[in-house]
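Asks: Provided below for reference: sequence and predicted model.
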Amino acid sequence: MTMTTAPRASDLLVELDRLGVTVTLKGGRISLQPASRVTPDVLAAVRACRADLVTLLSDPRRRWKEQAEALLTTLDDPALREDLRHIFDEREAIASVDGGLGDDEAGRLAYEQIAAAVAAIAKQEELPSGTQT
């Protein structure tokens, strides 16, 4: 990730997730684990938008919703984006209401499901024409 300007906090969370970095807020401090996966550019971006990250991380429901929305902007198909938005909302509600999970866990689970869907779509797009999986 090369930064020319400070990224949106939600885009940065998507990038950190792509790197396999878990982002949490501990006593007002941002924790990035494992730190070994955080590149100098990404660390500089975290510092540049620290206040926005703290705001998002302080509100788990908003965090996961905005992070999901940022991930969905990587898709070209507006109908597909809308379908995945609905899936996110549905999965989050099911995990929260039926599963009794808190906002952070319910949002994380819903995000992981659409992230897996986006990764599968990207993988399909990388296949040569006529290739079947």
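Replies: Arrived safely, thanks for sending.

Asks: how does this protein divide into domains?
Replies: 9-58, 60-126 (automatic domain parsing).

Asks: Would you mind pulling the contact partners of the longest helix anywhere in the chain?
Replies: In the chain, assigned by DSSP state H, the helix with the most residues is helix 103-126. By CB atoms under 8 Å, 6 or more residues apart in numbering, the residues outside helix 103-126 that reach it are 17, 60-61, 63-65, 67-68, 71-72, 74-75, 80, 84, 87-89, 91-93, 95-96, 99, 101, 133. C-beta coordinates here come from the backbone N, C-alpha and C atoms, glycine included.

Asks: Which of those fall in strands?
Replies: Secondary structure of the contacts of helix 103-126 is defined by DSSP state E; no position falls in strands.

Asks: Now do the helices in this protein.
Replies: So, for the chain - with DSSP H - the helices run 9-18, 40-48, 50-58, 60-72, 78-93, 103-126.

Asks: Now render the domains of the chain as JSON lines, adding mean neighbour count and mean pLDDT.
Replies: As requested, the domains of the chain are arranged in JSON lines below (neighbours: other CB atoms under 10 Å; pLDDT from 0 to 100):
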{"stretch": "domain 9-58", "mean neighbour count": "15", "mean pLDDT": "96"}
{"stretch": "domain 60-126", "mean neighbour count": "16", "mean pLDDT": "95"}
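
Asks: Dump the longest helix of the chain to PDB, restricted to CA.
Replies: Taking C-alpha atoms only, helix 103-126 is exported to PDB below (Å, rounded to 0.1, in the frame of the first residue of the first chain):
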ATOM      1  CA  ASP A 103     -21.800  -6.100  18.000                       C
ATOM      2  CA  ASP A 104     -18.100  -6.700  17.500                       C
ATOM      3  CA  GLU A 105     -18.300 -10.500  17.100                       C
ATOM      4  CA  ALA A 106     -21.500 -10.300  15.000                       C
ATOM      5  CA  GLY A 107     -20.000  -7.700  12.700                       C
ATOM      6  CA  ARG A 108     -16.700  -9.600  12.400                       C
ATOM      7  CA  LEU A 109     -18.500 -12.800  11.400                       C
ATOM      8  CA  ALA A 110     -20.600 -11.000   8.800                       C
ATOM      9  CA  TYR A 111     -17.500  -9.200   7.400                       C
ATOM     10  CA  GLU A 112     -15.600 -12.500   7.200                       C
ATOM     11  CA  GLN A 113     -18.400 -14.000   5.100                       C
ATOM     12  CA  ILE A 114     -18.500 -11.200   2.600                       C
ATOM     13  CA  ALA A 115     -14.600 -11.000   2.500                       C
ATOM     14  CA  ALA A 116     -14.600 -14.700   1.600                       C
ATOM     15  CA  ALA A 117     -17.200 -14.100  -1.100                       C
ATOM     16  CA  VAL A 118     -15.100 -11.100  -2.500                       C
ATOM     17  CA  ALA A 119     -12.000 -13.300  -2.500                       C
ATOM     18  CA  ALA A 120     -13.800 -16.100  -4.400                       C
ATOM     19  CA  ILE A 121     -15.100 -13.600  -7.000                       C
ATOM     20  CA  ALA A 122     -11.600 -12.200  -7.400                       C
ATOM     21  CA  LYS A 123     -10.200 -15.700  -7.800                       C
ATOM     22  CA  GLN A 124     -12.800 -16.500 -10.500                       C
ATOM     23  CA  GLU A 125     -11.900 -13.300 -12.400                       C
ATOM     24  CA  GLU A 126      -8.200 -14.300 -12.400                       C
END
